[in-house]
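**Student:** Need coordinates for the following:
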Amino acid sequence: ASALADVPGRYGSRAAAPGAVADQVRNQYFFGYYERGAFWGAERAATEKRTGGNPSWNTGVDYRTLLTRSTQRDLVKRAYREAGLDLAADLRRLNAAPRVKADPGAVAYLNRYGTPNGRTPWPVVTLHSTGDGTVPSGNERRYAELVRRAGNPAKLRQLYVDRGNHCTFTASEEIVALRTLLHRIDTGRWSSTNPAALNIAAGGFGPDHQTVFDVEPAPGLHAAVPAFTHHRPGR
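**Tutor:** Alright, predicted model coming up:
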């Protein structure tokens with residue numbers, strides 16, 4: 001289920017994804033637990049009230065095809081092999097299950113007010129953690145595609161930090177990202193967005209700017225080093 005949404009098996013902010021399949025699947029579960037608690041209660045109800053109906057659907061979805069496009073498909077295959085379970089059978093059950101239809105008016109509302117169009121009338125800087133399971137980094141790839149279609153790619157810079165979890169940035173990284181945008185606005189030119197240059201800039205801040213929220217070893221702020229990196233999101 002997590003793989004169908006491209007949720008990675010990396011939950012801690014600073015640690016790399018574990019090698020063991022069971023540990024990665026457990027990390028995916030943590031993301032699902034967080035999502036259900038944070039967004040599928042009051043927030044979901046508020047969204048449906050605001051949009052006038054259900055804006056989500058799975059009519060017309062082929063789950064076999066969806067899984068082949070997932071960045072986590074290999075993890076799924078390994079997990080099923082280790083568990084001795086039949087992946088093809090589960091996919092058949094998914095495809096045979098009753099479908100949920102969306103309310104067209106609710107979809108139109110989100111398309112109008114909640115979907116980026118990529119026109120970039122002004123410069124845009126995005127900042128994303130590579131192991132984000134709440135909003136997987138593939139969303140950045142999609143946004144860049146929209147900018148190429150409807151906007152000006154020269155006005156877009158997409159920055160990444162090598163961390164798990166959602167929006168796990170240090171204050172130093174956030175400031176450097178903001179300064180990158182302000183420099184473009186003030187001068188009409190981009191400063192260097194090479195990760196090495198960004199890390200040097202972020203490293204110039206004091207220790208109080210070099211912490212990030214992490215769940216390991218205990219939830220709270222932990223010391224971190226600047227982690228800007230090259231990243232190519234999956235589809």
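
**Student:** May I have the predicted confidence score for the residue nearest the centre of the chain?
**Tutor:** In the chain, the C-alpha nearest the mean C-alpha coordinate belongs to Pro136, at 2.1 Å (C-alpha atoms, centre = their mean). Pro136 is assigned a predicted lDDT (pLDDT) of 93.

**Student:** Is Gly131 in contact with Ala15, as I believe?
**Tutor:** No - checked against C-beta atoms under 8 Å, the pair Gly131 and Ala15 is beyond contact range at 9.5 Å. (C-beta placed from N, C-alpha, C; glycine too.)

**Student:** Which of those two has more residues huddled nearby?
**Tutor:** Neighbour count, other C-beta atoms under 10 Å: between Gly131 and Ala15, Gly131 has more, with 26 against 15.

**Student:** and that one, what does it touch?
**Tutor:** Shown in contact with Gly131 (C-beta atoms under 8 Å, 6 or more residues apart in numbering): Pro8, Arg10, Ala17, Asp162, Arg163, Gly164, Asn165.

**Student:** and with 10 Å instead?
**Tutor:** Listed by C-beta atoms under 10 Å, 6 or more residues apart in numbering, the contact partners of Gly131 are 7-13, 15-17, 27, 137, 161-166, 168, 231.

**Student:** next one: Ser137
**Tutor:** 6, 8, 71, 126, 128-131, 158, 160, 231-234.

**Student:** If any of the residues you listed are buried, put those into a ChimeraX selection.
**Tutor:** Buried residues within those, by 16 or more other C-beta atoms under 10 Å, are selected in ChimeraX with:
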select :6,8,71,126,128,129,130,131,158,160,231,233
